[in-house]
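> Predicted model and sequence follow; I will ask about them next.
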Amino acid sequence: MIKFETMVGGISVGMESTQSNNDAFFNVTDKKHATKANEIVAQGIYYGYIKVLIDGEEQFGQYQLQIVAAQWLRYIELFEQFFEKGYVQAEVPSYLEVKRIDDETLSFHIKDSLFVFSYVEFIKQFIHDALEYFIYHQQVTNDGMYEDVVAYLRQWQSKLYLAE
């Protein structure tokens, strides 16, 4: 299955290339890095990337460090387009295309690889991982800046569960 992990750590400057296997970066919700993650997230604005894993395998390889919340908001915007049109294509950070095949499946084309997923399971995982990030961010920063994003994602989530 697919997983979207929020990676932080390393250096704190923007737009620098990094390899996804760089040991200086870690999943923001990884409990073994909780203290360091909390220090980074408490800054409010911090850089990192969203690692895309399919069956545990890293997909993009290289990333551009960006403000993490802005990156998640870009992904959410792409998925909104996908919901409306059944298709979306972008460079985030490499070629990405998501297309609805039928009511139950979608294709996920990333770089040179094509994957087919259950539509509902794919969307549930995306929403879960986005919520996990935004809720964590709010808890650490004590900032309600993304309350509307959390509410919006929960609304998507409830629609998916009602559709089943």
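Here it is on my side, so go on.
> Now do the helices in the protein.
Using DSSP state H, the helices of the chain run over 34-41, 68-85, 119-141, 147-163.
> Format those as TSV; extra columns: mean neighbour count and mean pLDDT.
For glycine as for every other residue, the C-beta is placed from the backbone atoms N, C-alpha and C. Shown next, in TSV, are these (neighbours: other CB atoms under 10 Å; pLDDT from 0 to 100):
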stretch	mean neighbour count	mean pLDDT
helix 34-41	16	92
helix 68-85	16	92
helix 119-141	18	94
helix 147-163	13	86
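> Including distance to Val52, could those go into a markdown table?
Formatted as a markdown table, the helices of the chain follow (distance: least, CB to CB, whole Å):
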| stretch | distance to Val52 |
| --- | --- |
| helix 34-41 | 20 |
| helix 68-85 | 10 |
| helix 119-141 | 10 |
| helix 147-163 | 18 |
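> Looking at those, which is nearest to Ile50?
Closest approach to Ile50 among the helices of the chain (CB to CB): helix 68-85, 5.5 Å.
> got the angle between that closest one and helix 34-41?
Angle of helix 68-85 versus helix 34-41, following axes from the mean of the first three to the mean of the last three CA atoms, to 10 degrees, is 80 degrees.
> List the contacts of helix 68-85.
4, 6, 8, 28, 45-50, 88, 90, 92, 96, 98, 100, 123, 126, 130, 133-134, 137, 146, 149, 152-153 (CB atoms under 8 Å, 6 or more residues apart in numbering).
> ok, now how distant is Ala130 from Asp102?
According to CB to CB, to the nearest Å, Ala130 and Asp102 sit 25 Å apart.
> ok, now Ile54?
To Asp102, Ile54 is 20 Å away according to CB to CB.
> Neighbour count for the two, which is higher?
Neighbour count, other CB atoms under 10 Å: between Ile54 and Asp102, Ile54 has more, with 15 against 8.
> Now do the same contact list for the closest residue to that one other than its chain neighbours.
Among residues not flanking Ile54 along the chain, Ile2 sits closest, at 5.3 Å (CB to CB, 6 or more residues apart in numbering). Neighbour list for Ile2: Val52, Leu53, Ile54, Phe108, Phe115, Phe117, Phe122, Gln125, Phe126 [criterion: CB under 8 Å, 6+ apart].
> now do 10 Å
Ile2 makes contacts with 52-55, 59, 108, 110, 115, 117, 121-122, 125-126, 129, as judged by CB atoms under 10 Å, 6 or more residues apart in numbering.
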